[in-house]
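Undergrad: I would like the atomic coordinates for the input below:
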Amino acid sequence: MATIKDVSEYAGVSQATVSRVINGTSRVSHDKKLKVEKAIQVLGYRPNSIAQALASSRTGSIGIIVPELGGPFYSGILHNLEEKLRRLGYHVVVTAGSNTEQGQRESVEFLLGRRVDAMILHTQHLTDDYLTDLENKGVALVLVNRFIPELAQNCIEIDNEFGGQLATEYLLRMGHRNIACITGPLDKSDARGRLQGYRKAIEKAGIMFDEALVAEAGFTEESGVSAMQKLLKRQHPFTAVFACNDHMAFGAFEVLKEHEIQVPEQISLIGFDDILFARYITPPLTTVNFPIEQMSAEAVQLVIQILNKSKRDVNFRLSPTLVPRSSVKQLNKVN
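TA: As a prediction, the model looks like this:
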């Protein structure tokens, strides 16, 4: 059976570094963390979970709540979290809380009933007060893609505003001035952030914000179809569309195709998330990468630190990056 010493020798790091990765007691460089995780996987190392449970009254399980189990975005999050937690000797209990407050409250109660050691939550519907109350009652929790000021040390958030700004500024650099935006549901903070980034970029470029060029949708292909149809019916000219996630971009693309509007020759299109299918449509979709793997790694590191009552030393705010592909056309050279 592999030991910590075996893992340290395979990874080329000290046993103390291996222990820090496993227990999350302090920050370890990304390169060393990857080496340790690889060594754990290759050697099949498992912490003595039985001894740990007897010593700490823990179950060795982490609860995860996402709105839904289907689709490449949430499945990507679940895959990354489960893989990283399993390498550290934890099992996961996953529940889909649906897109309602009641459904997500029921998911929390389900996990508490299963006595999970901690929870990682990707939820927009549970109120700030409800989540703050859980933490005050001693529930170990980490929130991903959400920020609550009172729980700042429990949140791993994506800079959605910066991502929206990245996408819009890229379209501006490519010569577009009339840019439409398909937002997600504006009761969700990530959708509001991406819209704010869009607005900030166009106003910084000296362009007046036009509500007629904005259509609210629901982060799904079907809602992207509906939003794109609305934009075309309004007859406000535009040469580019920023869809605030890739699913809505796919829906918008289908509507443009039905109207025989070519992408990118007539309308340029950019999405957000960089899900797997984005690179395989024709033309491949320009998008903004949502750093799922990094977010998952930071969330796992943070939940271990919370459980061990050690210093919370993670990257709490992650920056998305632009992924240029062929769905955006340059209209003119901009100096």
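Undergrad: For Asn332, which residues are in contact?
TA: Gly175 (Cβ atoms under 8 Å, 6 or more residues apart in numbering). C-beta coordinates here come from the backbone N, C-alpha and C atoms, glycine included.
Undergrad: Check the gap between it and Leu269 for me.
TA: Asn332 is 18 Å from Leu269, where distance means Cβ to Cβ, to the nearest Å.
Undergrad: ditto for Glu161
TA: 21 Å.
Undergrad: the more surrounded of these two?
TA: Higher neighbour count among Glu161 and Leu269: Leu269, with 27 against 19, using other Cβ atoms under 10 Å.
Undergrad: Could you grab the helix/strand/coil label for that one?
TA: Look at Leu269: counting by DSSP: H, G, I helix; E, B strand; the rest coil, its state is strand.
Undergrad: Spell out which helix or strand contains the nearest residue to it once chain neighbours are set aside, please.
TA: Spatially, and ignoring its direct neighbours in sequence, Leu269 is nearest to Ser327 (4.7 Å; Cβ to Cβ, 6 or more residues apart in numbering). Secondary structure assignment for Ser327, by DSSP states H and E: no helix or strand.
Undergrad: how many other residues sit next to Ser327?
TA: Count around Ser327 with other Cβ under 10 Å applied: 24.
Undergrad: Just the buried positions in the helix or strand encompassing Ile202, please.
TA: Taking DSSP H and E as the criterion, Ile202 maps to helix 189-204. Neighbour counts using 16 or more other Cβ atoms under 10 Å place 189-202 of helix 189-204 among the buried residues.
Undergrad: Who are the packing partners of that helix?
TA: Judged by 3 or more Cβ pairs under 8 Å, 6 or more residues apart in numbering; DSSP states H and E, helix 189-204 is in contact with helix 160-173, strand 179-183.
Undergrad: what packs against the longest one?
TA: Pointing back at helix 160-173 there. Helix 160-173 is packed against strand 179-183, helix 189-204, strand 240-243, strand 268-270, strand 287-289, strand 321-323, with contacts defined by 3+ Cβ pairs under 8 Å, 6+ apart.
Undergrad: give me that answer again for 7 Å
TA: With contacts taken as 3 or more Cβ pairs under 7 Å, 6 or more residues apart in numbering; DSSP states H and E, helix 160-173 sits against helix 189-204, strand 240-243, strand 268-270, strand 287-289.
Undergrad: In JSON lines: the ones you listed, plus distance to Leu171 and mean pLDDT.
TA: Converted to JSON lines, these look like this (distance: least, Cβ to Cβ, whole Å; pLDDT from 0 to 100):
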{"stretch": "helix 189-204", "distance to Leu171": "8", "mean pLDDT": "96"}
{"stretch": "strand 240-243", "distance to Leu171": "5", "mean pLDDT": "98"}
{"stretch": "strand 268-270", "distance to Leu171": "6", "mean pLDDT": "98"}
{"stretch": "strand 287-289", "distance to Leu171": "12", "mean pLDDT": "97"}
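Undergrad: Just send those back as a markdown table, with distance to Ala180 too.
TA: Below are those laid out as a markdown table (distance: least, Cβ to Cβ, whole Å):
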| stretch | distance to Ala180 |
| --- | --- |
| helix 189-204 | 10 |
| strand 240-243 | 5 |
| strand 268-270 | 10 |
| strand 287-289 | 16 |
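Undergrad: Looking at those, which is nearest to Ala217?
TA: strand 240-243 (8.0 Å; Cβ to Cβ).
Undergrad: What are the buried residues along the helix or strand following the closest one?
TA: Once strand 240-243 ends, the next helix or strand along the chain (criterion: DSSP H and E) is helix 246-258. Judged by neighbour count (16+ other Cβ under 10 Å), helix 246-258 contains these buried residues: 246-253, 255-256.
Undergrad: Who is Val142 paired with across the strands?
TA: For Val142, the beta-bridge partners are Ile120 (DSSP bridges).
Undergrad: That should have said Ala215, apologies.
TA: Ile182.
Undergrad: Find the residue closest to Leu276 in space, skipping its chain neighbours.
TA: Nearest non-adjacent residue to Leu276, counting by Cβ to Cβ, 6+ apart: Pro72, 5.3 Å away.
Undergrad: And the one you found, what's its pLDDT?
TA: On the pLDDT scale, Pro72 is placed at 81.
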